[in-house]
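J.: I'll drop the sequence and a predicted model, then ask my questions.
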Amino acid sequence: MVRRFDPSREVPLALVRDLVALGVRAPSAGFSQGWDFVALSSPAARERFWSAAAQDADEDGWRRGVSAAPVLILCLSDPQAYLDRYAAPDKGWTDRSLEHWPIPYWDTDVAMAAMQILLGAVDAGVGALFFGVPTPSHDAVRAAFEIPADRRLVGVIALGFEQTRVSGSARTRRRRTLDEVLHLDSFGVPHPGA
């Protein structure tokens, strides 16, 4: 996850298109494909995003680094696509109740698509970051980009080329080992390699 982008290096729109094409190959419950992506590549669109998403006038170091990204991709979910798909005869949830969805797969599936975009960016040599938008700013971001009210703003991917790395949590915190996170047949049983 890159948090400091080089503003002088553009990301080709053809690459953005290729990355989103990779993202939509992600799995989706019932093949509902309840996702939409809004790519912001012009300076005016990106500034409109940062203005709508801002919570206060203070610009911290994180925002300064991330706002230099030449492309932002708004990752949206469409719950109605899932409710419609699962009301179909082969699924049978005609009541369209949200009770059937203790985990909102519309958001999960968009997150999976976002992860594929992130991995594709790494493979293409482009830096990327997935980040959230403060809840109070969702309506302002939706209004700024004419996003329908029925879409959920799951997160944003910043794309660009990394500026000089600085220290941070990835440098000071260790990654949990496989032995710590992989369990065999039960949570209390470590995997065979442990």
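T.: Cool, got the structure.

J.: So Arg3, which state does it fall into?
T.: In three-state terms, and counting by DSSP: H, G, I helix; E, B strand; the rest coil, Arg3 is coil.

J.: ok, it - how many residues close by?
T.: Arg3: 22 surrounding residues under other C-beta atoms under 10 Å. For every residue, glycine as well, the C-beta is placed using N, CA and C.

J.: what pLDDT does it get?
T.: Listed pLDDT for Arg3 reads 82.

J.: Look up the closest residue to it, ignoring the ones flanking it.
T.: Distances taken as C-beta to C-beta, 6 or more residues apart in numbering place Gly65 nearest to Arg3, at 4.9 Å, with adjacent residues excluded.

J.: What is the neighbour count of the one you found?
T.: 18.

J.: where do the helices sit along the protein?
T.: With helices called from DSSP state H, the chain shows them at 13-23, 43-53, 61-66, 79-86, 105-123, 138-144, 169-172, 178-181.

J.: buried sites along the longest one?
T.: Spelled out, that is helix 105-123. Residues 105-114, 116-118, 120-121 are the ones in helix 105-123 that count as buried (16 or more other C-beta atoms under 10 Å).

J.: Tell me who's in contact with Leu119.
T.: Residues near Leu119 by C-beta atoms under 8 Å, 6 or more residues apart in numbering: none.

J.: How confident was the prediction at it?
T.: 96.

J.: And for Cys75?
T.: Looking at Cys75, its pLDDT is 98.

J.: List the contacts of it.
T.: Per C-beta under 8 Å, 6+ apart, neighbours of Cys75: 35, 37, 110-111, 113-114, 130, 153-157.

J.: hmm, try it at 6 Å
T.: By C-beta atoms under 6 Å, 6 or more residues apart in numbering, Cys75 lies in contact with 110, 114, 154-155.

J.: I'd like those residues as CSV, with distance to His191 appended.
T.: Formatted as CSV, these follow (distance: C-beta to C-beta, whole Å):
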residue, distance to His191
Val110, 30
Ala114, 28
Val154, 31
Gly155, 31
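
J.: Closest one of these to Leu182?
T.: In terms of C-beta to C-beta, no member of the contacts of Cys75 lies closer to Leu182 than Ala114, at 24.0 Å.

J.: where does this structure have its least confident helix or strand?
T.: Lowest by mean pLDDT, DSSP states H and E among the helices and strands of the chain is helix 169-172, with a mean of 58.

J.: Quickly list what Asn131 is bridged to.
T.: Quick fix: residue 131 reads Phe, not Asn. On the basis of DSSP bridges, Phe131 is bridged to Val156.

J.: Ala45: how many residues sit nearby?
T.: 15.
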